[in-house]
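Participant: Return atomic coordinates for the entry below.
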Amino acid sequence: MIRVLSVDDQRVVREGLALVLGLLPDVEVVGTASGGEEAVRMVGELKPDVVLMDLRMPRCDGVEATRRLRDLHPEVKVIALTTYADDESVLAALRAGARGYLTKDARSAQIHEALHRVLDDQAAIDPAVQHHLVAAIAADPGTPKPTAVSDDVLTRRETEVLTLIAEGLSNAEIAARLVVTEATVKSHVNHLLAKIGARDRARAVSYAYQHGLLRHQ
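Facilitator: Numbering: from 1, shown residues only. Okay, the predicted model is just below:
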């Protein structure tokens with residue numbers, strides 16, 4: 001069972017999400033929290049595997065709560081939730097440690113897949129959010145201008161896999177695209193993340209943009 005904590009300052013939203021999650025066969029909602037500080041406390045008490053974190057909350061917002069969870073409970077995965085695909089907090093949430101980013105109108109099947117992906121150390125970014133993430137990276141004054149990937153950093157195949165990661169494809173989808181096994185793709189992903197110094201796929205998206213592998217849309 002995947003143990004999930006739902007966090008949102010609107011009661012109807014968090015309880016509705018908990019109800020939807022409770023219908024999934026391998027998901028257990030261990031609790032709900034109405035704010036960031038409560039979420040951090042409840043994670044320490046309930047030990048969930050994944051936290052579904054609203055970003056827009058008073059006092060301690062979702063970005064700050066995610067940052068605290070990364071420092072205090074790095075084993076817990078956070079999926080950020082937002083009402084709008086172009087929420088300006090998308091990049092801040094990922095930099096704070098979120099492993100996924102979904103809009104609140106995501107279907108239960110999307111949420112279910114996202115839970116499994118983050119537990120498998122993959123990024124889970126809603127396609128509706130993907131190009132806004134690239135836009136945020138492009139607009140960030142701290143982002144270096146795109147430069148070519150050196151051949152001595154990544155192999156041609158690793159560069160190809162990184163490009164597909166940046167397009168939002170899962171390991172299974174990349175395997176199908178390249179006509180290789182999923183195990184082969186996972187090996188390429190592990191190698192390229194180590195080579196570029198990215199601890200997860202979300203940061204790989206940033207690297208891909210910085211090196212001209214994904215154009216701003």
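Participant: Buried residues, stretch 57-76. List them.
Facilitator: For stretch 57-76, a neighbour-count test (16 or more other CB atoms under 10 Å) marks 57, 60-70, 73, 76 as buried. Every C-beta, even on glycine, is put in place using the N, C-alpha and C of the backbone.
Participant: repeat for stretch 32-44
Facilitator: For stretch 32-44, the neighbour count (16+ other CB under 10 Å) marks 32, 33, 34, 35, 36, 38, 39, 40, 42, 43 as buried.
Participant: got a list of what residue 15 touches?
Facilitator: Listed by CB atoms under 8 Å, 6 or more residues apart in numbering, the contact set of residue 15 reads residue 32.
Participant: In the protein, which residue is most central in space?
Facilitator: residue 100 (1.7 Å; CA atoms, centre = their mean).
Participant: what about the helices in the protein?
Facilitator: Secondary structure of the chain, counting by DSSP state H: helices at 11-22, 36-46, 62-72, 90-96, 108-119, 127-139, 156-166, 171-178, 182-196, 201-210.
Participant: Give me the phi and psi for residue 57.
Facilitator: The phi/psi pair for residue 57 (degrees, to the nearest 10) reads phi -140, psi 150.
Participant: what pLDDT does it get?
Facilitator: Residue 57 carries a pLDDT value of 87.
Participant: before we move on, back to that, quick check, nearest of the buried residues of stretch 57-76 to residue 175?
Facilitator: Lowest distance from residue 175 to these (CB to CB) belongs to residue 76, with 28.4 Å.
Participant: from memory that closest one sits against residue 69, does it?
Facilitator: Yes: judged on CB atoms under 8 Å, residue 76 makes contact with residue 69 at a distance of 5.7 Å.
Participant: what residues do these two have in common as contacts?
Facilitator: By CB under 8 Å, 6+ apart, the residues touching both residue 76 and residue 69 are 43, 51.
Participant: just to revisit the earlier point, so which of the buried residues of stretch 32-44 comes closest to residue 188?
Facilitator: Nearest to residue 188 among these, counting by CB to CB, is residue 43 at 32.8 Å.
Participant: what's residue 59 in contact with, if anything?
Facilitator: Applying CB under 8 Å, 6+ apart to residue 59 gives the contacts 35, 36, 37.
Participant: One more: residue 111?
Facilitator: Contacts of residue 111 by CB under 8 Å, 6+ apart are 20, 21, 52, 102.
Participant: Around the second one, count how many other residues there are.
Facilitator: Going back to what we said before, that points to residue 21. Residue 21 has 20 neighbours, counted by other CB atoms under 10 Å.
Participant: What of the one 10 residues further on?
Facilitator: Other residues near residue 31 come to 19 when the count uses other CB under 10 Å.
Participant: Same check on residue 194?
Facilitator: Count around residue 194 with other CB under 10 Å applied: 10.
Participant: What does the pLDDT read for the spatially closest residue to residue 208 that is not a sequence neighbour?
Facilitator: Using CB to CB, 6 or more residues apart in numbering and skipping the chain neighbours, the partner closest in space to residue 208 is residue 166 (3.6 Å). The pLDDT attached to residue 166 in the predicted structure is 78.
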